[in-house]
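**Student:** Let me see the structure of the following:
(2 chains)
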Protein chains: 2
Amino acid sequence: MPKLRVHNFTISLDGYAAGPNQRLDAPFGDGVEGMHDWMFATRTVRAAQGLDGGTEGLDNDRILLAEQGIGATVMGRNMFGPVRGEWPDHSWTGWWGPNPPYHNDVFVMTHHLRPSFSLEGGNTFHFVDQGPEAALKLAFDAADGKDVLLAGGAATIRQFLRAGLIDEMYLVIAPIFIGGGERLFDDLDGGLDGYRCVEQASTSAATHLHITRREPRAAL
Amino acid sequence: MPKLRVHNFTISLDGYAAGPNQRLDAPFGDGVEGMHDWMFATRTVRAAQGLDGGTEGLDNDRILLAEQGIGATVMGRNMFGPVRGEWPDHSWTGWWGPNPPYHNDVFVMTHHLRPSFSLEGGNTFHFVDQGPEAALKLAFDAADGKDVLLAGGAATIRQFLRAGLIDEMYLVIAPIFIGGGERLFDDLDGGLDGYRCVEQASTSAATHLHITRREPRAAL
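**Tutor:** Numbering: from 1, shown residues only, chains lettered A, B, ... in the order given. Next comes the predicted model:
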């Protein structure tokens, strides 16, 4: 059965996925310096930026794993962009420029619908307002037998945890303190009861967690 | 200059140092199964219980490190025992039986003073109500040039972090979710700004963090 997977979602030592004051010129908010250094240091991410070198090993392996077998993506509206509330227009097309890194159908969960649009590289963004289960059904249909990536952010992952819909989470603890902001593991109302950590492994740059369900997910 | 050190204080993946409902027959509260497995599996802790075998390597090394160069101990009243408020009598002498693992002068921070008492193995418990800096001065005096262990619990560590008094923290992340309870990294009011994580390393049982000050602590 195809899975809903979270990959390389990074939190600080004090549990924050973002600092305070998330905004256009600081998508992760304040105090997050170094949070994604582990990622930008990898050979794969550097190569995607046209840079030589970079780390091999677990950090790089986890970047590669995130791209394997994914056929569609789900994300929250705050991960798609800094605009809150009604869309003033449709000029915002994401943080990622003309060729986002998803290369499949991306379902953005929002209370404010807008038309689907396509960018380069096979990226098509859809907007859905029917809740996590409905969004996931659409994504599984689009994925055509492959898995679905739940890209984030923290509030969206929490929403899917509370709904019991996530199959696998590969999380990362970055060796920084943020001191405030948005926690991943908050307001879960028992949403972690069905999960366990089956592996934790550290590199010099990060600690990687692999979290799975205790019991298989019911079919949608 | 002698240091104030935290050793092997363990939190869950979701950041809790204890679950809800801490009480006499569950000192760490509910939902903490497996939290200290890494510790009880080590050769050193097993040997202290008269058991053979056990893990070597980082888990065991960190147990040994906690015993080196310590001359006195500070702890919070809730770590000393489950009694809250006024002492009904002085029959409670700690969780640890006739020979506690500290083997030095232990300063218990409380609003409710009681007389000092001694147990086997060089353990003498004192009760102090003057705040963290005063407690630490007494402990440094008793340690006579050695370091002081800040044993916990979470609220007491937070209090010393807010006061900027901790020099070194060796923390442990156990691969469990607790889902609620008392967080270590909460209500710190910038208390972590002066600290950084200089090492994170995982075993199959736990992830170990070494956290140090960015600048030396001012003398008391």
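
**Student:** so A:Ala142, which of the three states?
**Tutor:** Counting by DSSP: H, G, I helix; E, B strand; the rest coil, the backbone at A:Ala142 sits in helix.

**Student:** Could you double-check that it lies in contact with A:Gly71?
**Tutor:** Yes. Counting by CB atoms under 8 Å, A:Ala142 touches A:Gly71, with 6.8 Å between them. (Each C-beta comes from the backbone N, C-alpha and C, glycine too.)

**Student:** what residues do the two have in common as contacts?
**Tutor:** Taking CB atoms under 8 Å, 6 or more residues apart in numbering or on different chains as the contact criterion, the residues that touch both A:Ala142 and A:Gly71 are A:Asn104.

**Student:** got the residues of chain A near chain B?
**Tutor:** A:13-15, A:173, A:175-177, A:179, A:183, A:185, A:188, A:190, A:192-193, A:195-197, A:200-202, A:206-207, A:209 (CB under 8 Å from any CB of the partner chain).

**Student:** Tell me which residue lies nearest the centroid of chain A.
**Tutor:** A:Ala151 (2.2 Å; CA atoms, centre = their mean).

**Student:** Enumerate every residue touching that one.
**Tutor:** Counting by CB under 8 Å, 6+ apart, A:Ala151 touches A:73-75, A:79, A:102, A:106.

**Student:** So it, which state does it fall into?
**Tutor:** Secondary structure of A:Ala151, per three-state DSSP, is strand.

**Student:** Relative to chain B, how far out is it?
**Tutor:** 21 Å (CB to the nearest CB, to the nearest Å).

**Student:** Also A:Gly69?
**Tutor:** According to CB to the nearest CB, A:Gly69 and chain B sit 25 Å apart.

**Student:** need the strands for chain A, in chain order.
**Tutor:** Here chain A has its strands, by DSSP state E, at A:4-12, A:16-18, A:70-76, A:105-109, A:117-118, A:124-128, A:147-152, A:168-174, A:182-183, A:195-202, A:207-213.

**Student:** coming back round to it: give me the pLDDT value at the residue nearest to the centre of chain A.
**Tutor:** The per-residue pLDDT reported for A:Ala151 equals 98.

**Student:** quick one: pLDDT of the residue lying closest to A:Met1 once chain neighbours are set aside?
**Tutor:** Excluding the flanking residues, the one nearest A:Met1 by CB to CB, 6 or more residues apart in numbering or on different chains is A:Ala219, at 6.7 Å. pLDDT recorded at A:Ala219 is 89.

**Student:** quick one: low-confidence parts of chain A?
**Tutor:** Along chain A, no part satisfies pLDDT under 70.

**Student:** picking that back up, what about the residue nearest to A:Met1, neighbour count?
**Tutor:** When neighbours are counted by other CB atoms under 10 Å in any protein chain shown, A:Ala219 registers 5.

**Student:** now swap in A:Gly122 and tell me
**Tutor:** Neighbours of A:Gly122 under the rule other CB under 10 Å: 12.

**Student:** Other residues contacting stretch A:81-89?
**Tutor:** Contacts for stretch A:81-89 (CB under 8 Å, 6+ apart): A:22-24, A:27, A:78, A:92, A:94-95, A:112, A:114.

**Student:** want to try a markdown table for those, with neighbour count as columns?
**Tutor:** Output for those, formatted as a markdown table (neighbours: other CB atoms under 10 Å in any protein chain shown):
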| residue | neighbour count |
| --- | --- |
| A:Gln22 | 17 |
| A:Arg23 | 10 |
| A:Leu24 | 10 |
| A:Pro27 | 15 |
| A:Asn78 | 21 |
| A:Trp92 | 14 |
| A:Gly94 | 18 |
| A:Trp95 | 12 |
| A:His112 | 13 |
| A:Arg114 | 15 |
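
**Student:** which of the strands of chain A sits most buried?
**Tutor:** Greatest average neighbour count among the strands of chain A goes to strand A:16-18 (a mean of 28), per mean count of other CB atoms under 10 Å in any protein chain shown.

**Student:** just checking, what packs against it?
**Tutor:** Applying 3 or more CB pairs under 8 Å, 6 or more residues apart in numbering or on different chains; DSSP states H and E, one finds that strand A:16-18 contacts strand A:4-12, strand A:182-183.

**Student:** Output these as CSV; include the columns distance to A:Gln159.
**Tutor:** Formatted as CSV, these follow (distance: least, CB to CB, whole Å):
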stretch, distance to A:Gln159
strand A:4-12, 12
strand A:182-183, 13
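
**Student:** before we move on, the earlier item: turn the strands of chain A into CSV, columns for distance to A:Lys137.
**Tutor:** Listed next are the strands of chain A as CSV, based on distance: least, CB to CB, whole Å:
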stretch, distance to A:Lys137
strand A:4-12, 11
strand A:16-18, 26
strand A:70-76, 11
strand A:105-109, 10
strand A:117-118, 21
strand A:124-128, 10
strand A:147-152, 10
strand A:168-174, 18
strand A:182-183, 27
strand A:195-202, 22
strand A:207-213, 19
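
**Student:** So which of the helices and strands packed on strand A:16-18 is nearest A:Gly34?
**Tutor:** strand A:4-12 (9.3 Å; CB to CB).

**Student:** How about residues contacting the closest one?
**Tutor:** Residues from elsewhere that reach strand A:4-12 (CB under 8 Å, 6+ apart): A:17, A:32, A:35-36, A:38-39, A:62-63, A:65-66, A:70, A:74, A:136, A:147-150, A:152, A:154, A:157, A:160, A:165-174, A:176-178, A:183-185, A:206, A:217.
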